[in-house]
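> I'll drop the sequence and a predicted model, then ask my questions.
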Amino acid sequence: MRILISGAAGFLGSHLCDRLIKDGHSVVGIDNFVTGSPDNLVHLAGNDAFHFIRQDVSNFIFVPGKVDAVMHFASPASPNAESPKGYFNLPIQTMKAGALGTHNMLGVARAFGARFLLASTSEIYGDPLVHPQDETYFGNVDPVGPRAVYDEAKRFAESLTMAYYRYHGIDTRIVRIFNTYGPRMSLEDGRALPNMLKQALLGQSLTIYGDGQQTRSFCYVDDLIDGIVKLLYSDEHLPVNIGNPVEMSILQFAETINLVTNNSAGIVFMPGQRASRDPQMRRPDITRARSILHWEPAVDLEEGVRRTLPYFKEKLNLL
């Protein structure tokens, strides 16, 4: 297939390009480098199976030649309020990527009769009152809170995707992505793994905001990409959770990071400094992924962190 991928220079988008090219497809990548990095695609320079277009997906998209599949991954995704690339500081761009970007990418799929896959997020569940979260749960969200620019953009994108499926007959898919980590993740992403792994490699104490009892589930990027590709190849139209169902507290996670990196600096708690509307619990129910896609993650946290270490060391000039 010839596959169009928005957000191709991002953490997930670039890994997706690699996997699909490895599978024998050709890829057209779109990115405007607002949050993605050219460094993530430099290894594809000169590859005949890859073509790049620098463009904002919220503007009209023209792609020369036929497209067989469209995958919309373009969006700021970092919750780091201190980062200029986090969605707190790119609120309008985030909403436009979710709304106009989804509309434009669906338009490309409709024009070519191509299948379409939307990258959605576990954030659509908000701070969940149901645990673990399955795809039938409607979520517990604040539509006007500080995180709403990301949450609501993705919820709208899902609604628009299903409208195109039901009204125009577009062959759509929706993946709800849970916490993912691995090489090419921004060190300034703001989420637990890049924050703590960076601190550990620098020999610093790991910072935990709150009491550390909030929980997350961490999925290694190769596992996630494998699940997404299986969904693309499937005939499933309703949302599917892709993530690792092994849940742990942030305190347990920090202890694992210190263990793998041999960091003896310990842990520092910052009570009362958790981000606004930061979910207390997050764990995917992957029953549908197991039954429909025959997928489940294979890489545990310790192994995934070991695979991620060389990239972080290189970025920190520690090699």
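Perfect, thanks for sending it.

> so which residues of the chain form strands?
2-6, 26-31, 50-54, 69-72, 115-121, 172-177, 180-181, 206-209, 215-217, 219-220, 240-242, 247-249, 267-270 (DSSP state E).

> ok, the residue in the chain sticking out farthest from the centre - contacts?
Relative to the centre of the chain, and counting by Cα atoms, centre = their mean, the farthest-placed residue is S264 at 30.8 Å. S264 makes contacts with N258, as judged by Cβ atoms under 8 Å, 6 or more residues apart in numbering. Any C-beta I mention is one placed from the backbone N, CA and C, and that applies to glycine too.

> just Y181 next, same as before
Contacts for Y181 (Cβ under 8 Å, 6+ apart) come out as 191, 193-194, 218-221, 304-305, 308.

> ok, now L293?
227, 230-231, 234, 236, 240.

> distance of it from Y87?
Distance from L293 to Y87, counting by Cβ to Cβ, to the nearest Å: 28 Å.

> okay, now D142: neighbour count?
Using other Cβ atoms under 10 Å, D142 has 14 neighbouring residues.

> could you do the one 10 residues further on as well?
Neighbours of E152 under the rule other Cβ under 10 Å: 21.

> in space, what's closest to it - neighbours in sequence excluded?
Distances taken as Cβ to Cβ, 6 or more residues apart in numbering put P143 closest to E152, at 5.6 Å, once the chain neighbours are dropped.

> show me the shaky parts of the stretch 1-150 of the chain.
Judged by pLDDT under 70, the stretch 1-150 of the chain has no weakly predicted residues.

> swap in 90 and give it another go.
78-88, 127, 146 (pLDDT under 90).

> all the helices of it, residue numbers only.
11-22, 91-112, 148-163 (DSSP state H, counting those that start in this stretch).

> let's see the longest one as PDB, backbone CA atoms only.
What follows is helix 91-112 as a C-alpha-only set of coordinates in PDB (Å, rounded to 0.1, in the frame of the first residue of the first chain):
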ATOM      1  CA  PRO A  91      -4.000  25.100  22.800                       C
ATOM      2  CA  ILE A  92      -5.300  26.400  19.500                       C
ATOM      3  CA  GLN A  93      -2.900  24.300  17.400                       C
ATOM      4  CA  THR A  94      -4.000  21.200  19.400                       C
ATOM      5  CA  MET A  95      -7.700  21.800  18.800                       C
ATOM      6  CA  LYS A  96      -7.100  22.500  15.200                       C
ATOM      7  CA  ALA A  97      -5.000  19.300  14.700                       C
ATOM      8  CA  GLY A  98      -7.800  17.300  16.300                       C
ATOM      9  CA  ALA A  99     -10.700  19.100  14.500                       C
ATOM     10  CA  LEU A 100      -9.500  20.500  11.200                       C
ATOM     11  CA  GLY A 101      -6.700  18.100  10.800                       C
ATOM     12  CA  THR A 102      -9.000  15.100  11.200                       C
ATOM     13  CA  HIS A 103     -11.400  16.600   8.800                       C
ATOM     14  CA  ASN A 104      -8.700  17.200   6.200                       C
ATOM     15  CA  MET A 105      -7.200  13.700   6.600                       C
ATOM     16  CA  LEU A 106     -10.600  12.100   6.300                       C
ATOM     17  CA  GLY A 107     -11.100  14.200   3.200                       C
ATOM     18  CA  VAL A 108      -8.000  12.600   1.600                       C
ATOM     19  CA  ALA A 109      -9.300   9.100   2.600                       C
ATOM     20  CA  ARG A 110     -12.700   9.900   1.000                       C
ATOM     21  CA  ALA A 111     -11.100  11.300  -2.200                       C
ATOM     22  CA  PHE A 112      -9.000   8.100  -2.700                       C
END
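
> wait, what's in contact with L44?
If you count contacts by Cβ under 8 Å, 6+ apart, L44 has them with 17-18, 21, 50, 52.

> if we go to 7 Å?
Each residue near L44 by Cβ atoms under 7 Å, 6 or more residues apart in numbering is listed here: 17, 50.

> how far away is L202 from L318?
Relative to L318, and taking Cβ to Cβ, L202 is found at 8 Å.

> on that earlier part again, report the buried members of the contacts of L293.
227, 230-231, 234, 236, 240 (16 or more other Cβ atoms under 10 Å).

> on that earlier part again, can I get the helices of the stretch 1-150 of the chain in a markdown table with distance to P271?
Shown next, in a markdown table, are the helices of the stretch 1-150 of the chain (distance: least, Cβ to Cβ, whole Å):
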| stretch | distance to P271 |
| --- | --- |
| helix 11-22 | 31 |
| helix 91-112 | 28 |
| helix 148-163 | 26 |
